[in-house]
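A.B. asks: Just to be clear, the model below is a prediction. Sequence and coordinates:
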Amino acid sequence: MPLPNMHHPSAKYLSRLSRMLQCTISHPMEIPGMPKLRMNLDELTRMRRSWVSAMGSFGGGGTSDDGRLQEVSDFAPNPGALRMLRYVPPALPPGAPLVVVMHGCTQNAAGFAEGTGWLTLAERHGFALIFPEQSRSNNANTCFNWFEPGDITRGAGEVASVRAMVARMQTDQRIDPARVFVTGLSAGGAMTAALLATYPDVFVAGAIIAGLPFHCATGVSEALGAMRHCPAHTPAEWGDRVRAASPAPQRKPIVSIWHGDADTTVMVSSATEQAKQWCNVHGLREPDSVDDQVDGVAHRAWRDAGGTVRVELYTVRGLAHGVPIDPHAPGDRGVGEAMAYVLDVGVASTWRIARSWGLVPAGGVAQRVEPVLP
């Protein structure tokens, strides 16, 4: 990726650079910023060049690209200054589903697409994909800015850019507007929550992997604190943050939460707070769950009066910070490739998520996920 222009006129860029220089680095997946520095512009420029070069050595999500991803550079509006990469399987029919996949910090779209296995499932089963990609000019660690109010407000910043990407796909590919989904890891998981909250009229369901509750932090300092110790609020307090994010009436997206109990980057307590938030949005009581095992993973499910799962939580034993995959599993389950933050732990989360959304046929018939309306 080319070095950012230090004299870029964008107000977004300049404000981001200022914020990034106020952060303290400790772990490449943890920190959405840069070291705290006090120096003149020339020194800042030299330091930034050295930092960008050093960050490339982490190789968080891989950089491989077999040519299947296509960049769309002219989608608009793009207030978040994100890249749009998409995958459209050959002969995709009108009315096909769409999944938006959000990478984590230090990762890029191409590596995350390959590692998680979404490309393989989309090719086999005929649905389209969007991979929004962050740039270092927005965030030095390529984290989506889930902690910045200007990026998680409907009609503004990064969430508005992703909304514009979906609109472009609806125009170009005539996708089914009732089958648009979103998933993401870490910072991408937190942005998944933001997209579900700000655009419930766009996304029918989402899967948050190693993420955080919507609007749990403002600014870098609070974000770091939330990752290590997610603030505890009442279900109603969490739910109010979602309800305030988009105009009524709101569609209520189905939410799947995935977290590892060995995650030391975003503590597993975050998953409990997410469940409280989304249960409240759906009018469900957080204690009223049904606990079981799915593919050997502890699973809690909250169902509506009709018995349909509206919120679910997977707690993966022994999983550190990353997307759990099982590339050696038989059939469709065996997709993906282990890499940094995409972890082969014998749990096929990508397949399981796609199946819950009706993207992978069950008994030869694809299921359709229906939204809940107030």
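C.D. replies: Nice, I can see it.
A.B. asks: Please give me every residue in contact with the residue nearest to P361 when sequence neighbours are not counted.
C.D. replies: Distance criterion C-beta to C-beta, 6 or more residues apart in numbering; nearest residue to P361, sequence neighbours excluded, is H125 at 7.1 Å. Heads up, the C-betas are built off the backbone N, CA and C, glycines and all. Applying C-beta atoms under 8 Å, 6 or more residues apart in numbering to H125 gives the contacts 354, 359-361, 366.
A.B. asks: Among the residues you listed, which one has the most neighbours?
C.D. replies: A354 (26 neighbours; other C-beta atoms under 10 Å).
A.B. asks: picking up where we left off before, in helices, which of the contacts of H125 fall?
C.D. replies: Mapping those onto helices (DSSP state H) picks out A354.
A.B. asks: So which of the contacts of H125 belong to strands?
C.D. replies: Per DSSP state E, strands hold no members of the contacts of H125.
A.B. asks: Turn the contacts of H125 into JSON lines, columns for pLDDT.
C.D. replies: Shown next, in JSON lines, are the contacts of H125 (pLDDT from 0 to 100):
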{"residue": "A354", "pLDDT": "98"}
{"residue": "L359", "pLDDT": "97"}
{"residue": "V360", "pLDDT": "92"}
{"residue": "P361", "pLDDT": "81"}
{"residue": "A366", "pLDDT": "44"}
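A.B. asks: re earlier: what about the residue nearest to P361, distance to T350?
C.D. replies: From H125 over to T350 the distance is 12 Å, taken as C-beta to C-beta, to the nearest Å.
A.B. asks: Mind listing what's buried along stretch 90-106?
C.D. replies: 92, 96-106 (16 or more other C-beta atoms under 10 Å).
A.B. asks: so which strand or helix has the residue lying closest to F181 once chain neighbours are set aside?
C.D. replies: Excluding its sequence neighbours, the residue lying closest to F181 (C-beta to C-beta, 6+ apart) is V99, at 4.8 Å. In this assignment (DSSP states H and E), V99 forms part of strand 98-102.
A.B. asks: What's the first helix or strand after that strand?
C.D. replies: Next element after strand 98-102 (DSSP H and E): helix 109-116.
A.B. asks: so what does that following helix touch, helix or strand wise?
C.D. replies: Counting contacts by 3 or more C-beta pairs under 8 Å, 6 or more residues apart in numbering; DSSP states H and E, helix 109-116 packs against strand 83-87, strand 98-102, strand 128-133, strand 323-325, strand 342-344.
A.B. asks: which of those strands sits most buried?
C.D. replies: strand 323-325 (a mean of 30; mean count of other C-beta atoms under 10 Å).
A.B. asks: Can you show me the helices along the stretch 1-150 of the chain?
C.D. replies: 11-20, 41-55, 109-116, 118-125 (DSSP state H, counting those that start in this stretch).
A.B. asks: averaging pLDDT over each of these, which comes out lowest?
C.D. replies: Ranked by mean pLDDT, the helices of the stretch 1-150 of the chain bottom out at helix 41-55, with a mean of 38.
A.B. asks: returning to what we had before: run through the bridge partners of the residue nearest to F181.
C.D. replies: V99 has the following beta-bridge partners by DSSP bridges: L129, F181.
A.B. asks: Which pLDDT does the model give it?
C.D. replies: If you check V99, the pLDDT there is 98.
A.B. asks: S73 and R86, how far apart?
C.D. replies: Relative to R86, and taking C-beta to C-beta, S73 is found at 11 Å.
A.B. asks: sorry, that was for W238
C.D. replies: Distance from W238 to R86, by C-beta to C-beta: 33 Å.
A.B. asks: D292 now?
C.D. replies: Relative to R86, and taking C-beta to C-beta, D292 is found at 36 Å.
A.B. asks: cool, D332 as well?
C.D. replies: 22 Å.
A.B. asks: Poorly predicted segments of this protein, please.
C.D. replies: 1-66, 362-374 (pLDDT under 70).
A.B. asks: Quick check: phi and psi on the residue nearest the centre of the chain?
C.D. replies: The centroid of the chain falls nearest to G184 when counting by C-alpha atoms, centre = their mean (2.3 Å). With angles defined as degrees, to the nearest 10, G184 sits at phi -170, psi 160.
A.B. asks: How about Q293?
C.D. replies: The phi/psi pair for Q293 (degrees, to the nearest 10) is phi -120, psi 130.
A.B. asks: if I pick it, what's in contact with it?
C.D. replies: H299.
A.B. asks: gap between the helix or strand where E158 lies and the chain center?
C.D. replies: Element membership for E158 (DSSP H and E) is helix 157-173. Chain-centre distance of helix 157-173: 15 Å, with C-alpha atoms, centre = their mean, to the nearest Å.
A.B. asks: How about stretch 306-316?
C.D. replies: 18 Å.
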